[in-house]
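Any chance you could fold what I've pasted below:
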Amino acid sequence: MPSTDRAHRLGALARGRRPRAIAFLVSNLLPLVGVLALDWNAAALMTLYWFELGIASFWAVVRGLFAGRPSEIESDALIAGPLAQRRVGLSIPRTGLRIRLSSLLVLPVVAPILAVVWLFVGALTVGVVADGGLAPEALDTVTLAVLAVFAGEAGTTLTDYFGRGEYRDHSAQTAIRGVFARGAAIFLGALFTVTIVGAATMEGDAPISALDPNAVGLPLLLGIVAVKAAFDLAGLYGDRLAAFDESSALDLGLSYDPPATEPVDASVAEPAQTVRQSVRARLAGAVTTPIGHPGLWYLAAVPALVAALFAIGGDWATAAALLAVAVAVPLGLGALDHELRYGLVAYRVGDDALVAYDRLFGVPLWRVEPWDETDLRVRRGRLDRRLGTATVVIELRDDERRIPGLADPEPVLSVFDRRAEGWERRERGERPE
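Have a look, this model is predicted:
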């Protein structure tokens, strides 16, 4: 029997589905009316669907920009990983909306992908089926339909996503996820339409201009509209599918909750102590970070190659400048990543917890209490031995916290009841690993 909380959540989703249902009817009745009453051909239908995909992509980016939950980004990602841990954002005055830093890391990647997909689908569909353009009557009605679809998508976003507070349950990644399913439906329908039109009108080596969009009959156009409506209907009831996935033993990949928005508790019991990386560890770590990210040196390959070409031509000044850029880029990015990850982080130590605190934005990053850890180790690699520092590794149930470059790890270790592996050997006068 479903729980009361789940039933309440599904009831809320059902009440919030009304604006989406209206948008669903608008986006699917318009092409139906166009095909049945306005004599739309395949070119007019594909033009409407292409613009619908662009409209859906635009509003998906808007929803992603104001998503209420942080995006999930791999912590090992260069620069983006440590930035995503800073759960900060820009508040919009007089609203409960915020533009999260993690959303700004996701959207510059996703928005160009959506733009490329939209242009590719347009080249494949409108660029082929409507190569000769639309008739004036069809152009007018399609334009009105596009405006109606835009208004429907805008109304859904404003009333459902913002007005009902649905943005609180989404990250930038989940907010744009639905547009890919719609894009796949439009792409498959467009590909099928272009194939049928081409097979019906083109023979041998006939040019694209010989393709006749009027060759597709009414039954096939209605079939395309029906298939597109079926995909939209599945998206409309996607929350039911996600609830089924969550309640069943199957893992369909439909149920996914973005990271929670609860702030990290930054309080520690007094007397508290603050621990930071030593200056020499910050400098050494900034220089050695590119060694752990070989991909950084691929960025140096392009200016280095161009420098070689200038050197062959005898322009040594330009070659030297480009070589300097080839070295500075990976070192600069590596230094920035190390500073964000460790150098700009302070660790507040109390009897009840260890809290990592970001000194750049002034926000807590994570908190570990004595009973959270499953293993505790102290490691002294080659760099630590040269600098006279140590690295504390705290194993959690599903994660790991590393604190490198500590001149004295004892304050951090004092939080935990467990004896740290490697630190005991040091106390006996043996050299830890």
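
Give the residue spans of the chain that score low on pLDDT.
Low-confidence segments of the chain (pLDDT under 70): 1-19, 128-133, 189-190, 193-220, 234-258, 423-433.

residue boundaries of the strands in it?
Taking DSSP state E as the test, the strands found in the chain are 89-91, 98-100, 273-275, 345-349, 354-358, 363-368, 375-379, 390-395, 400-406.

Identify each of the helices in the stretch 251-400 of the chain and give its residue range.
For the stretch 251-400 of the chain, helices defined by DSSP state H, counting those that start in this stretch occupy the ranges 279-292, 295-312, 316-338, 382-387.

okay if I get those helices as TSV plus distance to F66?
Heads up, the C-betas are built off the backbone N, CA and C, glycines and all. What follows is these, written out as TSV (distance: least, CB to CB, whole Å):
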stretch	distance to F66
helix 279-292	34
helix 295-312	32
helix 316-338	27
helix 382-387	43
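
Determine which of the strands of the chain approaches R20 most closely.
Across the strands of the chain, R20 has its closest neighbour in strand 98-100 (23.7 Å, CB to CB).

before we move on, the earlier item: between the helices of the stretch 251-400 of the chain, which one is closest to Y49.
Among the helices of the stretch 251-400 of the chain, if distance is taken as CB to CB, the winner is helix 295-312, at 38.6 Å.

for that closest one, packing partners?
Helix 295-312 sits against helix 316-338, with contacts defined as 3 or more CB pairs under 8 Å, 6 or more residues apart in numbering; DSSP states H and E.

and the helix it packs on, how far out from the chain's middle?
Per CA atoms, centre = their mean, to the nearest Å, the displacement of helix 316-338 from the mean C-alpha position of its chain is 29 Å.

Just the C-alpha atoms of it, please, in CSV.
The C-alpha trace of helix 316-338 is given here as CSV (Å, rounded to 0.1, in the frame of the first residue of the first chain):
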residue,chain,number,x,y,z
TRP,A,316,61.8,33.2,-32.4
ALA,A,317,60.1,35.9,-30.4
THR,A,318,56.6,34.7,-31.3
ALA,A,319,57.7,31.1,-30.8
ALA,A,320,59.0,31.9,-27.3
ALA,A,321,55.7,33.7,-26.5
LEU,A,322,53.6,30.8,-27.6
LEU,A,323,55.8,28.3,-25.6
ALA,A,324,55.3,30.5,-22.6
VAL,A,325,51.5,30.3,-23.1
ALA,A,326,51.8,26.5,-23.6
VAL,A,327,53.4,26.2,-20.2
ALA,A,328,51.4,28.9,-18.4
VAL,A,329,47.9,27.5,-19.4
PRO,A,330,48.2,24.1,-17.7
LEU,A,331,50.1,25.6,-14.7
GLY,A,332,47.6,28.4,-14.3
LEU,A,333,44.5,26.1,-14.5
GLY,A,334,46.2,23.6,-12.2
ALA,A,335,47.0,26.3,-9.6
LEU,A,336,43.4,27.6,-9.7
ASP,A,337,42.0,24.1,-9.2
HIS,A,338,44.4,23.5,-6.3
